[in-house]
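S.K.: no letters, just coordinates:
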């Protein structure tokens, strides 16, 4: 998904421009066709999260560092370890943000704050392909 340097356990990507315009890479092809309503994004994965945060690169890096500090890999008290040392921490990080996001649509555009960015985070070290369901409600 991203060719940037990865921190262990978290890979956050700002997908705001991709969602607001047309995004053709690995995730989806999408363009808003309604004037008012809401758009609901839902991921089919238990180790990925989607959320709003300030849309500048240093915030992404800080969020990755904060999450890796809060939820560490290889803690001795983890019982769910059969899928790898990054699996249980990924589920915990996912539960902090959730796998869905609803954004209002006004005048045919996603109605977000000036500095808000939509971030998609993969919490596994080597997450596989994922699916997103985008549903527009008029």
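M.R.: Looks like it came in fine. Only a predicted model underlies this, so the values are computations on that prediction, with no experimental measurement involved. Numbers count the residues shown, from 1 in each chain.
S.K.: helix or strand: which one has residue 134?
M.R.: strand 132-137 (DSSP states H and E).
S.K.: could you pull out the buried residues of that strand?
M.R.: Neighbour-count burial for strand 132-137 flags residue 132 (criterion: 16 or more other CB atoms under 10 Å). For every residue, glycine as well, the C-beta is placed using N, CA and C.
S.K.: same question for stretch 37-49.
M.R.: 38, 39, 41, 43, 45, 47, 48, 49.
S.K.: per-residue pLDDT, the nearest residue to the fifth one once chain neighbours are set aside?
M.R.: The spatial neighbour of residue 45 that comes closest, neighbours along the chain excluded (CB to CB, 6 or more residues apart in numbering), is residue 130 at 4.6 Å. The score at residue 130 is 76. That number is its pLDDT.
S.K.: check contacts around residue 130.
M.R.: The neighbours of residue 130, taking CB atoms under 8 Å, 6 or more residues apart in numbering as the test, are 27, 43, 44, 45, 48, 122.
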